[in-house]
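J.: structure of the sequence below:
(one chain, ligands or ions: 1)
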Amino acid sequence: MSTPIPAEDERLFAYPQDRSCPWQPSSGYRELGEKGPLHRVRLWDGKSIWMVTGHAQARRLLADPRMSADRSRDDFPAVLPRLDAPIFKPIAIIGFDPPVHDVHRRLLAPDFSLKQARALRGSVEELAGRLVEGMLRKGPPAELIEDYALPIPSMVISELLGVPYDDHAFFEAMTVGLLQAKSAADAEAAGQALWDYLDELITAKEREPGGTGVLSRLVGEVDEDGDLTREDLVRIALALLIGGHDTTSQMIALGVVTLLEHPDQLAALRSDPGVLPAAVDELLRMVSVTDVSGVRVATEDIEIDGYVVRAGEGVLVSSSMTNRDPAVFPDPYRFDVHRGGGRNAASGRHHLTFGFGIHQCLGQNLARMELEVAFSVLFDRIPDLRLAVPLDGLPTRSGGTMQGVHTLPVEW
Ligand code: HEM
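T.: Below you'll find the model as predicted:
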């Protein structure tokens, strides 16, 4: 048995803390945020790390080349026990620094452009329409995650990567297993199963070149002495498959909950479909579904607004709190679908839910499009949708940084 690491300081704020409201951070984060922009917090292993709650400081740190995202470094902080699993060290793209990061990001960029997301919109609208038809045919109550919020991003990412959607039950369960694991061993087991699955799939694509999807395209780019090794490709497939569906499905689910619990805002959205893009960004800001916009380690001492982040110290950027910095978002705890609309369009997008700097979310065009379609089709087709259980009866995820609900029963 390993010896527990003594806490550096028992009095430090213990991170993470669960929410009591699906769209607001814990009251503990709020109190911390009111004290200043940077805080020392204590992790599960007793180690301490900087938690950034100030918006300007977060942007500066995330854009600073002295901050490393390299998860294979010994001093890289494991914010949760599962992140200590070897499968996460390294994880493609998100866990690499330049130059490798930039090379892999450039290889993927064409499939994640705004143009590409727009081209997919029609088929995502059809898909969402079919899923709602299915719910209406079966009649209430429906299970919104299983029937709607999960199949949309799951089918989209399968199609985009060229992963058979018939295998969705397997890769969805393994992704949740990986992201919700309470220990490194459980995360490793789920991650390894996904790795083996993708490895086999890539072998099949190597045998039969010419298929559709990102993986078939990249199979042709593999060069063991060049920019993309076969192992890189499996790692990239893993990162995209994991990154591509749980975040978006939980964002759809929690977005629906937030809208249903703010009927005036839902009515404002329904009366003017032009508000949709701003409403999606306001939901992304409010819900801050990953609750972390980035984790890094300093490679040199960095002075920032009177604080010194020493070389080797870890930093995590809290998206829920930076998204509530009153210097950027007036009345930040209020949900207002008009916040980013019209002349305020730019400020509405200043949230850090997709991160900032070179690692800013590769899938954000896709995610925004999926969210716009998911909310508009659902509320157009089922205008009297409501929760089938009281808000405080929703089984919410706990003990992690990724927010979500296990089930979302709805009726109409
Ligand atoms: C609502 C949905 C989503 C949220 C909230 C989200 C959030 C984030 C955040 C915060 C980062 C930056 C992490 C860091 O700097 O360490 C990130 C990066 C990334 N996301 Fe997303 N994401 C979402 C959807 C997606 C989708 C649909 C994909 C597509 C497959 C995707 C793929 C990625 C990838 C590959 C990166 C790493 C980019 C890089 O390191 O250059 N994400 N995401």
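J.: how about the residues of the stretch 101-250 of the chain near the ligand?
T.: Proximity of the stretch 101-250 of the chain to the ligand, by Cβ under 6 Å from any ligand atom, involves residues 105, 157, 239-240, 243-244, 247-248. Yep, even glycine has a C-beta here, placed from its N, CA and C like the rest.
J.: turn these into TSV, columns for pLDDT.
T.: Formatted as TSV, those follow (pLDDT from 0 to 100):
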residue	pLDDT
Arg105	96
Ile157	94
Ala239	92
Leu240	94
Gly243	86
Gly244	83
Thr247	94
Thr248	97
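J.: Asp227: which of those is nearest?
T.: In terms of Cβ to Cβ, no member of these lies closer to Asp227 than Arg105, at 11.3 Å.
J.: isn't the closest one up against Ile94?
T.: No - Arg105 lies out of contact with Ile94 (Cβ atoms under 8 Å); the separation is 9.9 Å.
J.: restricted to helices, list the residues of the stretch 101-250 of the chain next to the ligand.
T.: Within those, residues falling in helices by DSSP state H are 105, 157, 239-240, 243-244, 247-248.
J.: now the stretch 251-400 of the chain against the ligand: closest residue?
T.: Gly363 (2.1 Å; Cβ to the nearest ligand atom).
J.: tell me who's in contact with that residue.
T.: Gly363 makes contacts with 112, 240, 243-244, 248, as judged by Cβ atoms under 8 Å, 6 or more residues apart in numbering.
J.: output the below-cut-off pLDDT ranges for this protein.
T.: 1-10, 341-347 (pLDDT under 70).
J.: what residue is smack in the middle of it?
T.: Centroid check for the chain by Cα atoms, centre = their mean gives Thr247 as the closest residue, at 4.2 Å.
J.: closest one of the contacts of Gly363 to Gly139?
T.: Closest to Gly139, out of all of these and judged by Cβ to Cβ, is Thr248, at 26.6 Å.
J.: what about the closest one, distance to Arg339?
T.: Distance of Thr248 to Arg339, given as Cβ to Cβ, to the nearest Å: 21 Å.
J.: those two - which one has more neighbours?
T.: Thr248 (25 against 21; other Cβ atoms under 10 Å).
J.: if you drop the residues flanking it in sequence, what lies closest to the more buried one?
T.: Nearest residue to Thr248, sequence neighbours excluded (Cβ to Cβ, 6 or more residues apart in numbering): Pro153, at 3.8 Å.
J.: Leu241 is in contact with the one you found, correct?
T.: No - Pro153 is beyond contact range of Leu241, at 10.8 Å (criterion: Cβ under 8 Å).
J.: strands of the stretch 1-150 of the chain, start to end?
T.: Listed in chain order, the strands of the stretch 1-150 of the chain (DSSP state E, counting those that start in this stretch) span 13-14, 38-42, 48-52, 67-68, 142-143.
J.: for the first one, packing partners?
T.: Pointing back at strand 13-14 there. strand 38-42 (3 or more Cβ pairs under 8 Å, 6 or more residues apart in numbering; DSSP states H and E).
J.: strand partners of the strand it packs on, parallel vs antiparallel please.
T.: Each strand that pairs with strand 38-42, with its direction, by DSSP bridges: strand 13-14 (parallel), strand 48-52 (antiparallel).
J.: and the contacts of the first one?
T.: When you say that, I think you mean strand 13-14. 28, 32, 39-42, 51.
J.: also the longest one?
T.: The set of residues external to strand 48-52 that reach it, using Cβ under 8 Å, 6+ apart, is 8-9, 12-13, 15, 32, 37-43, 58, 61, 77, 79, 307, 309, 313-318, 322.
J.: which residues of the stretch 301-412 of the chain lie near the ligand?
T.: 353-355, 359, 361-363, 366-367.
J.: report the two of these separated the most.
T.: Top of the distance list for those (Cβ to Cβ): His359 and Leu366, 16.3 Å.
J.: so those two - more neighbours on which side?
T.: Leu366 (24 against 20).
J.: not counting sequence-adjacent ones, nearest residue to that one?
T.: That would be Ala117: by Cβ to Cβ, 6+ apart, it lies 5.0 Å from Leu366.
J.: and that neighbour, what does it touch?
T.: 365-366, 368-369.
J.: so what's the residue count around the residue nearest to Thr248?
T.: Neighbour tally, Pro153, other Cβ under 10 Å: 25.
J.: what does Ser271 give?
T.: When neighbours are counted by other Cβ under 10 Å, Ser271 comes out with 8.
J.: ok, now Ala268?
T.: The number of residues near Ala268, taken as other Cβ under 10 Å, comes to 16.
J.: measure it to Met402 for me?
T.: 29 Å.
J.: could you do Arg42 as well?
T.: 20 Å.
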